[in-house]
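Engineer: turn this into a structure:
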Amino acid sequence: MSTSVLFDVQGPRAKRVTMILNVVAVLVVAVLVWLVVQKLGEQGQLDAEKWTALFTERTWSNFFIPGLLDTLRAATLAVVGSVIFGLIFGLGRLSSVWILRAVSTVVVEFFRAVPVLVMMIFFYLGLARTGLIQPSNTPFWAVVIALILYNGSVIAELVRSGVYQLPKGQREAGLAVGLTPSQALRSILLPQALTAMLPSLVSQFVVILKDTALGYIITYPELLASARRLGSGDGNILQTLLLAAVVFMIINSALTFLAGRLSRLLSYRTSGKTRPLHEAAAGDETG
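Structural biologist: Coordinates of the predicted model:
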């Protein structure tokens, strides 16, 4: 008997076939891993000196710590700027003034469509030609501005989607007590929307942190660029990149854990449900 609209419950024969396929897949993956490890060993990538060099004072004081600080510096400024940008244009998309709404929509949709790496390269070349910023600071500001524009547009869509998720009775109740539409939006709808969307906002902050790694293409000395420079000089680039990946994973895991805790902590404080990031940023015009 079918118990799902997607598939039927497997019979004994199908279960045996599935088990055999799973065992074969595990064996194939194990063989591939063994071949990779063996190849790395033949090339000397598993030698102890290539790994122990990662835990010296020189490695951390000259490369990983400065690179991590530059990554966090750019990410922090980009987070603040993205939130401000997102609130301004998110409210603009919710405005009752059609000109403001149209301009905000064009700005948000444009910067959401342009790849963040393209914007980094554009601002890197553009700022260098203006002469307004010192050449040594050009990569930093190119990274920050690109991250603000792209992620700020995503946050603006989160704000708009968060407001549209709320029950219509919230707005109607505000209008019933004498508030104007703008006052109801600022005083009633926006606070609830931000609370409901906070876990998704934290998830977007994770994206900002990871996207700072694209800055190495325009010579910004973030964590990935520092790891590549260290590995190229010491001949252990595989090991340094793996360590950089672990550092990114630790930070991103901490932020993801924070997002989960916030979701559970704040879920009872709003009548709207928290919406996943990929759904909220999809741009569906509902409500």
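Engineer: what about residue 64, how many residues close to it?
Structural biologist: The number of residues packed near residue 64 is 19, by other C-beta atoms under 10 Å. (Each C-beta comes from the backbone N, C-alpha and C, glycine too.)
Engineer: hmm, residue 221 and it touching each other?
Structural biologist: No - with contact defined as C-beta atoms under 8 Å, residue 64 does not reach residue 221; the gap is 11.5 Å.
Engineer: can you list the weak-confidence ranges in this protein?
Structural biologist: Judged by pLDDT under 70, the chain has its weakly predicted residues at 1-8, 169-175, 178-181, 186-187, 263, 266-287.
Engineer: need the helices for the stretch 151-287 of the chain, in chain order.
Structural biologist: Remark: helices assigned in the stretch 151-287 of the chain by DSSP state H, counting those that start in this stretch are 168-176, 181-184, 190-211, 223-234, 237-266, 277-280.
Engineer: contacts for the fourth one?
Structural biologist: Counting by C-beta atoms under 8 Å, 6 or more residues apart in numbering, helix 223-234 makes contact with 53, 59, 62-64, 66-68, 70-71, 212-213, 215-216, 219, 221, 237-241, 243-244, 247-248, all of which sit outside it.
Engineer: return the set of buried residues in that helix.
Structural biologist: 223-231, 234 (16 or more other C-beta atoms under 10 Å).
Engineer: return the distance of that helix from the chain's centre.
Structural biologist: 23 Å (C-alpha atoms, centre = their mean, to the nearest Å).
Engineer: next, the angle from that helix to helix 190-211.
Structural biologist: For helix 223-234 against helix 190-211, the angle by axes from the mean of the first three to the mean of the last three C-alpha atoms, to 10 degrees is 10 degrees.
Engineer: same deal with the fifth one?
Structural biologist: Helix 237-266 and helix 190-211 are oriented at 170 degrees to each other (the same axes, to 10 degrees).
Engineer: may I see the helices of the stretch 151-287 of the chain organised as JSON lines, with distance to residue 109 added?
Structural biologist: JSON lines is the format used below for the helices of the stretch 151-287 of the chain (distance: least, C-beta to C-beta, whole Å):
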{"stretch": "helix 168-176", "distance to residue 109": "24"}
{"stretch": "helix 181-184", "distance to residue 109": "23"}
{"stretch": "helix 190-211", "distance to residue 109": "17"}
{"stretch": "helix 223-234", "distance to residue 109": "30"}
{"stretch": "helix 237-266", "distance to residue 109": "26"}
{"stretch": "helix 277-280", "distance to residue 109": "15"}
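Engineer: what residues does the strand or helix carrying residue 106 touch?
Structural biologist: Taking DSSP states H and E as the criterion, residue 106 maps to helix 98-113. Surrounding helix 98-113, the residues in contact under the criterion C-beta under 8 Å, 6+ apart are 89-90, 92-95, 119, 149-150, 152-154, 156-157, 281, 283.
Engineer: quick check, nearest of those to residue 168?
Structural biologist: Closest to residue 168 out of these is residue 94 (13.9 Å), distances taken as C-beta to C-beta.
Engineer: what's the burial count for the closest one?
Structural biologist: 21.
Engineer: right, and it touches residue 185 too?
Structural biologist: Yes - between residue 94 and residue 185 there is a contact at 6.1 Å, judged by C-beta under 8 Å.
Engineer: overlap in contacts, the two.
Structural biologist: In contact with both residue 94 and residue 185: residue 163, using C-beta under 8 Å, 6+ apart.
Engineer: sorry, back to before: after the helix holding residue 106, which helix or strand is next?
Structural biologist: Next along from helix 98-113, by DSSP H and E: helix 116-130.
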